[in-house]
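1. sequence and computational prediction follow.
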Amino acid sequence: MFVAFDDTDSLESMCTTFLATEMIKALGVYDLIGLPRLVRLNPAVPWKTRGNGALCLRFGVGRGECDMVGVLDGSPVYSYKRMYEEADRDLVLDVAERIVAKWSRTTEGASPGLVVSERKPAQSLYWSAVRSIVRKEDTLRELQRIGADMVGWEGGRGIIGASAAMAWKPRDSTYEIITYREKERWGTPRYLDDLSVKEMDLRYPSTFNNFDHHTGRRAISPHTPCPVLFGVRGDDPKELMSAVFSLRSETPARWIMFLSNQGTDDHLIRGEPSLPDRSYDVLATVSEAPRTVTGGHVIFQVTTSKGNLDCAAYEPTKEFRDIVRELRPGDRLRLFGELRAEPRTL
């Protein structure tokens, strides 16, 4: 039985992935089939919270070999590759609905959605949600086609992301282990040794996005008072586990491994930027030299096969702007970026 949910957190607190650990605990009468899936959707949607990630898990009675993929409050979590029997749909729906209702930040702007189904939606729903803007009515029509149950709160926008996460059939994938703090530590400063993160980044090359060696800052821990301690991403699940356990930090209360589409570039549309709130991969030639504007942003103009386009390296990109400032008219580029509606900028 597939269980998917999205839009449970806010800019201020919580993390949708934490609900996955609560779901696994509450549905402990069943086995976890496959890895929990953390699916990042269109990063350019205007209403995203942080990573725009949706979750999908599958429960049933496992068969054959299993692997340990996490620990929740001292108890190991095992994942089975094969399933002998489906979980009871009504039970799963009842438990999942209570978990999402309990932990969602609806008073802080969350619009949660929950989907439970024996069948997956069409894969096209994932590709639409990772690259463009999906209408809720189109999603509901697909869920009705496959006979799925759905629940929404405060508008239920999360039904779209939940359905897309369920529809994901990986062409490429990566892994992430996320660790969670003891509840009494939520909102307090995290203890995570920066040197151990730097050492881990150098020692385990299959991991990525761990540490900025130029600024000396780690990139694996959040800055909000959410339950997450840190998360490490990688291409090799065995090496990833070794990397996580090499870090010096406060003792996590929980950890779980996710299968993810992070680092796959599924969100990029190859071709000329046309519609806003999407991400593009486009070839271009610099037509006007870069200039720095109020706020420290660096703007330059390029020419594509469809005409001129302004591009921006915003102030938060820091040293990247220094590279952009070296560009000169005639330089040929391959650009990756989000198209903004107003002002129209990549």
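-> Happy to help now that I have it.
2. alpha carbons only for contacts and neighbour counts from here, please
-> Noted.
3. any idea which helix or strand carries Met83?
-> Assigning secondary structure by DSSP states H and E places Met83 in strand 75-86.
4. and the helices in the stretch 1-150 of the chain?
-> 16-26, 89-103, 123-131, 136-146 (DSSP state H, counting those that start in this stretch).
5. picking up where we left off before, buried ones in the strand holding Met83, by neighbour count?
-> With burial defined by 16 or more other CA atoms under 10 Å, the residues of strand 75-86 counted as buried are 77-80, 82-83, 86.
6. what do you get for stretch 264-271?
-> Per 16+ other CA under 10 Å, stretch 264-271 contains these buried residues: 266-269.
7. now those residues in CSV, with distance to Val95 and secondary structure?
-> Shown next, in CSV, are the buried residues of stretch 264-271 (distance: CA to CA, whole Å; DSSP: H, G, I helix; E, B strand; the rest coil):
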residue, distance to Val95, secondary structure
Asp266, 32, coil
His267, 32, coil
Leu268, 36, strand
Ile269, 38, strand
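8. with mean pLDDT and mean neighbour count added, can I get the helices of the stretch 1-150 of the chain in CSV?
-> What follows is those, written out as CSV (pLDDT from 0 to 100; neighbours: other CA atoms under 10 Å):
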stretch, mean pLDDT, mean neighbour count
helix 16-26, 96, 21
helix 89-103, 97, 17
helix 123-131, 97, 21
helix 136-146, 97, 14
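9. tell me which of those helices lies nearest to Ile178.
-> For these, proximity to Ile178 was assessed by CA to CA; helix 16-26 is nearest, at 8.3 Å.
10. now do the closest one against helix 89-103, angle only.
-> Angle of helix 16-26 versus helix 89-103, following axes from the mean of the first three to the mean of the last three CA atoms, to 10 degrees, is 130 degrees.
11. show residues contacting helix 16-26.
-> 6-9, 32, 36, 38, 53-55, 57, 72, 95-96, 99-100, 103, 180, 227-228, 256 (CA atoms under 8 Å, 6 or more residues apart in numbering).
12. swap in stretch 129-146?
-> By CA under 8 Å, 6+ apart, stretch 129-146 touches 40-43, 45, 117, 119-122, 125, 128, 149, 157, 159-161, 163-164, 266-269, 277-279.
13. pull out the buried members of these.
-> 40-43, 45, 117, 120-122, 125, 128, 149, 157, 159-161, 163-164, 266-269, 277-279.
14. let's see which of these end up in strands.
-> The members of the buried ones among the contacts of stretch 129-146 that map onto strands under DSSP state E are 40, 117, 149, 268-269, 279.
15. can I get the residues you listed in a markdown table including distance to Thr215 and pLDDT?
-> Converted to a markdown table, these look like this (distance: CA to CA, whole Å; pLDDT from 0 to 100):
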| residue | distance to Thr215 | pLDDT |
| --- | --- | --- |
| Arg40 | 26 | 96 |
| Ser117 | 46 | 98 |
| Asp149 | 47 | 98 |
| Leu268 | 28 | 97 |
| Ile269 | 31 | 97 |
| Ser279 | 27 | 97 |
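16. for those, which one is nearest Glu250?
-> For those, the nearest to Glu250 is Arg40 (27.5 Å; CA to CA).
17. let me see the contact set for that closest one.
-> Contacts of Arg40 (CA under 8 Å, 6+ apart): 51-54, 130, 260-262.
18. with Asp236 instead?
-> 174-175, 206-207.
19. now do Gly70
-> The contact partners of Gly70, by CA under 8 Å, 6+ apart, come to 76-78, 254-257.
20. pLDDT below threshold where in the chain?
-> 11-12, 49-50 (pLDDT under 70).
21. domain-wise, how is it divided?
-> 2-167, 174-260, 268-338 (automatic domain parsing).
22. distance between the second one and the chain's centre?
-> It refers to domain 174-260. The chain centre lies 15 Å from the centre of domain 174-260; the measure is CA atoms, centre = their mean, to the nearest Å.
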